[in-house]
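Asks: Output the structure for:
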Amino acid sequence: MTSPEQDHDELVRQIIARAAQIQVRIANCTDRDVKILCVSKGHDLAVKAAAFAAGFTDLGENYAQELLAGAAVLGAAASGSVSSPRWHFIGGLQSNKVRSLAGIVSLWQSVDRLSLAREIAARAPGAQVLVQLDLAGISGRSGVAPSHAAELVRNCLDMGLDVRGLMGVGVPGPPEESRSGFRSLAALADELALPERSMGMSNDLEVAVSEGSTMVRVGSSLLGPRMSRHPDSAG
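Replies: As a prediction, the model looks like this:
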């Protein structure tokens, strides 16, 4: 039987090895620097801690309850160290969850409506945000229609939010089917002079990177299989 310390060290080694494979996939597409956001949603605290120990100081979560639990544990573990986790919220978010996350989230990646932007501006003035685009046009999916994105960006800026860029989720199906959406997101980011383009996940990161992604959101191919879906599905 292995000790908890040995289990932790093995998890760290596995994550480092998988990260190297992902870096190769990115390097095969571009010589640009593309950030890997470690999506720790659905993983237990031991896996989140191993990801942080492996060098992933930026962690992405979809669910408020999971993010708060991870921040409580990893923040305490990193107390007094040079770095502590930077949390990205990347899922659909109800406005009433913002209050509990303010002061913890470093980058709000899923701002897709005016009411949510107002709540973030009120609870976390000057916060860094990404405006999420709906690239699939599927009912029930998060994201603002691309035709309304520029207006939402302007509104966020008027509220004092630091709009760093745009975020998008590819369409279901073969990765190549997401290419046009990723291309339009990158073009809009250029038009709005926004530097960050968060697009691409484990299955479609090559297409996203080739279309100008600056940040890919990688979970299972970096951390392994997830636990069951969290009940707090609205964020």
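Asks: Tell me which residues of the helix-or-strand element of the chain with minimal mean pLDDT come out buried.
Replies: Least confident helix or strand of the chain, by mean pLDDT, DSSP states H and E, is helix 64-77 with a mean of 85. Buried residues in helix 64-77, defined by neighbour count with 16 or more other C-beta atoms under 10 Å: 64, 66-68, 70-71, 73-74. For the C-beta atoms, the positions are set from N, CA and C on the backbone; glycine is no exception.
Asks: The longest helix belonging to the chain - contacts with which helices or strands?
Replies: In the chain, with assignment by DSSP state H, the single longest helix is helix 4-27. Applying 3 or more C-beta pairs under 8 Å, 6 or more residues apart in numbering; DSSP states H and E, we find helix 4-27 packed against strand 35-39, helix 45-53, helix 205-210, strand 215-218, helix 220-223.
Asks: Just the endpoints, please. Distance across stretch 202-221?
Replies: Using C-alpha to C-alpha, to the nearest Å, the end-to-end distance of stretch 202-221 comes out at 6 Å.
Asks: got the buried residues for that stretch?
Replies: Within stretch 202-221, the residues scored as buried using 16+ other C-beta under 10 Å are 204-209, 211-219, 221.
Asks: List just the nearest of the residues you listed to P4.
Replies: Nearest to P4 among the buried residues of stretch 202-221: G219, at 23.3 Å, using C-beta to C-beta.
Asks: mind listing what that closest one touches?
Replies: Neighbour list for G219: 38-43, 60, 201-202, 226 [criterion: C-beta atoms under 8 Å, 6 or more residues apart in numbering].
Asks: what's the answer for S184, then?
Replies: 135, 146.
Asks: can you do 6 Å?
Replies: Residues near S184 by C-beta atoms under 6 Å, 6 or more residues apart in numbering: none.
Asks: Specify the local secondary structure of it.
Replies: helix (DSSP: H, G, I helix; E, B strand; the rest coil).
Asks: which regions of this protein lie under the pLDDT threshold?
Replies: Scanning the chain for pLDDT under 70 picks out 1, 76-83, 227-235.
Asks: ends of stretch 39-59, how far apart?
Replies: Note: stretch 39-59 ends 6 Å apart using C-alpha to C-alpha.
Asks: Buried residues in it, which are they?
Replies: The neighbour-count check on stretch 39-59 (16+ other C-beta under 10 Å) flags 39-43, 47-54, 56-59 as buried.
Asks: mind checking how far K35 is from L93?
Replies: Distance of K35 to L93, given as C-beta to C-beta, to the nearest Å: 21 Å.
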